[in-house]
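*Asks:* just coords:
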């Protein structure tokens, strides 16, 4: 009957979701095992370039990083609420919702699950979540055979099979997985006492072979970047010259406004170049002594590039500017409408948030949202004791210790405008990936410098706007000289 078929589909969907989470965990652990075995320092980005990118059906780098990040998140949750928490996530069909949550949030969840403490949230964990996990544990004893690398298992005294009913053993396995952050606090075995009882012999055995074969259905080929010719001009601009290391803008706000308007008029009246040869000649005259000695500007019209790229270099070979007019039409045509669509929401609470943002924009026309992953104003741990978990320590010279700023963390705008941020990432994901591939191919040295800052984020997190760590959204922007 139709009812029976729907029930069957639901069971298969739950099972597929559960296997997918195990697959991502297996991928993350295998990658880290190989990285740790390397003689030279390595990381997940180098692993992709050296091992994965050379495969015939290799996924794109962003797709691979997303899989690795998902694996890190599910390992963190399993470390906090036991492996059986993943069973609950699969049964509730919230895998994608959980995977989209920020690592910092999931880390708080993991810490609370291990040490519930007291209060309403603690009661929810000790009276509802832990008993549910204990019941699933008793009804579904699980053994993972050859799922995770032997280097992780043997280091904690486990064999090829991992008994998921043994919380002490699974905690040791998941704790040695490096999350580029503090390990979770030790589990409060008093709160988890109900999960210490013996269970029957494992009735559900999941082997590595079955999970590994599932990975092939997830791969896809990257779209790549269409090749264009690049014109490179070496200018005589000396960026270390004393006239170039200070800003020409004025410090006084009124004087700066006047200076800005004056420069705008000069730029509008600047001499337009007719072709690339003319541009080369004018650039040669623009910096006779290594700096711009006169107030004139040169205007570069996009039509002279004929769809190709322009790379301008300083006298020392460093990057001055890179102009790329080759954005695919499929992305270019919908930019404005897509951005406007990001501010629409079916969620009533989020809709009111967008309305408040619009009201603020009307009161102060220039609004700037910083969607950033940063490590500013950090809580440092110099000379802190090593035998106490960082979350159990407080600073004596302040009224409040901010433990969330001990490692890179999301900016306030990400937290306050979560749905807007998610809408932008979803809508412009193809654009961000295209920008990264262009930089990686045509500006490899600059790309390596930028990506170095974001390749070891907590929980294997990958910046959605890589190689950058920040996405800045300016509304009604018009700036003075700065």
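*Replies:* Arrived safely. All of these numbers come straight from a predicted model, not from anything done at the bench.

*Asks:* which non-adjacent residue is nearest residue 263?
*Replies:* Excluding the flanking residues, the one nearest residue 263 by Cβ to Cβ, 6 or more residues apart in numbering is residue 481, at 6.6 Å. For the C-beta atoms, the positions are set from N, CA and C on the backbone; glycine is no exception.

*Asks:* next one: residue 163
*Replies:* According to Cβ to Cβ, 6+ apart, the nearest residue to residue 163 is residue 143 (5.8 Å).

*Asks:* contact partners for the one you found?
*Replies:* 161, 162, 163, 164, 202, 204, 205, 206 (Cβ atoms under 8 Å, 6 or more residues apart in numbering).

*Asks:* narrow these to those in helices?
*Replies:* If you go by DSSP state H, the contacts of residue 143 have nothing in helices.

*Asks:* which of those are buried, as a PyMOL select command?
*Replies:* Of those, the buried ones go into a single PyMOL selection, burial set by 16 or more other Cβ atoms under 10 Å:
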select buried, resi 161+162+163+164+202+206
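
*Asks:* export the contacts of residue 143 as CSV, with columns for pLDDT and distance to residue 281.
*Replies:* Formatted as CSV, those follow (pLDDT from 0 to 100; distance: Cβ to Cβ, whole Å):
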residue, pLDDT, distance to residue 281
161, 82, 74
162, 87, 70
163, 87, 76
164, 89, 72
202, 55, 78
204, 73, 75
205, 76, 75
206, 77, 69
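
*Asks:* columns distance to residue 253 on top of the contacts of residue 143, output as JSON lines?
*Replies:* Output for those, formatted as JSON lines (distance: Cβ to Cβ, whole Å):
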{"residue": "161", "distance to residue 253": "70"}
{"residue": "162", "distance to residue 253": "64"}
{"residue": "163", "distance to residue 253": "68"}
{"residue": "164", "distance to residue 253": "64"}
{"residue": "202", "distance to residue 253": "72"}
{"residue": "204", "distance to residue 253": "69"}
{"residue": "205", "distance to residue 253": "71"}
{"residue": "206", "distance to residue 253": "66"}
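
*Asks:* between the contacts of residue 143, which sits nearest residue 106?
*Replies:* residue 164 (19.5 Å; Cβ to Cβ).

*Asks:* does the closest one really touch residue 173, like I thought?
*Replies:* No. Using Cβ atoms under 8 Å, residue 164 is not in contact with residue 173, being 9.9 Å away.

*Asks:* just for the stretch 251-400 of the chain, where's the confidence low?
*Replies:* 345-366, 375-378 (pLDDT under 70).

*Asks:* if we go to 50?
*Replies:* Along the stretch 251-400 of the chain, no part satisfies pLDDT under 50.

*Asks:* now the helices for it?
*Replies:* Using DSSP state H, counting those that start in this stretch, the helices of the stretch 251-400 of the chain run over 253-268, 276-286, 329-332, 335-341, 348-363.

*Asks:* I'd like to know which of the ones you listed is closest to residue 323.
*Replies:* helix 276-286 (10.9 Å).

*Asks:* start to end distance for stretch 181-196?
*Replies:* Stretch 181-196 has its terminal residues 28 Å apart, counting by Cα to Cα, to the nearest Å.

*Asks:* now stretch 113-131
*Replies:* 12 Å.

*Asks:* buried residues in that stretch, which are they?
*Replies:* Result for stretch 113-131 [16+ other Cβ under 10 Å]: buried residues 113, 114, 115, 116, 125, 126, 129, 130.

*Asks:* now the helices: where do they sit in the stretch 101-250 of the chain?
*Replies:* 103-114, 120-124, 130-139, 150-154, 167-175, 208-214.

*Asks:* among these, which gets the worst mean confidence?
*Replies:* For the helices of the stretch 101-250 of the chain, the weakest mean pLDDT is recorded on helix 208-214, namely a mean of 44.

*Asks:* number of nearby residues for residue 288?
*Replies:* For residue 288, the neighbour count with other Cβ atoms under 10 Å is 11.

*Asks:* ok, now which ones touch it?
*Replies:* residue 236.

*Asks:* would you list the phi and psi of it?
*Replies:* phi -60, psi -30 (degrees, to the nearest 10).

*Asks:* check the one 3 residues further on too.
*Replies:* Note on residue 291: its backbone torsions stand at phi -140, psi 170 [degrees, to the nearest 10].

*Asks:* surely it and residue 236 touch.
*Replies:* No. Contact status for residue 291 versus residue 236: not in contact, 9.1 Å apart, counting by Cβ under 8 Å.

*Asks:* mind checking pLDDT for residue 44?
*Replies:* At residue 44, pLDDT is 88.

*Asks:* I misspoke; the intended subject was residue 100.
*Replies:* 88.

*Asks:* do you know how far the nearest residue to residue 293 once chain neighbours are set aside is from residue 406?
*Replies:* With sequence-adjacent residues excluded and distances taken as Cβ to Cβ, 6+ apart, residue 293 is closest to residue 287, at 8.0 Å. Distance, residue 287 to residue 406, using Cβ to Cβ, to the nearest Å: 46 Å.
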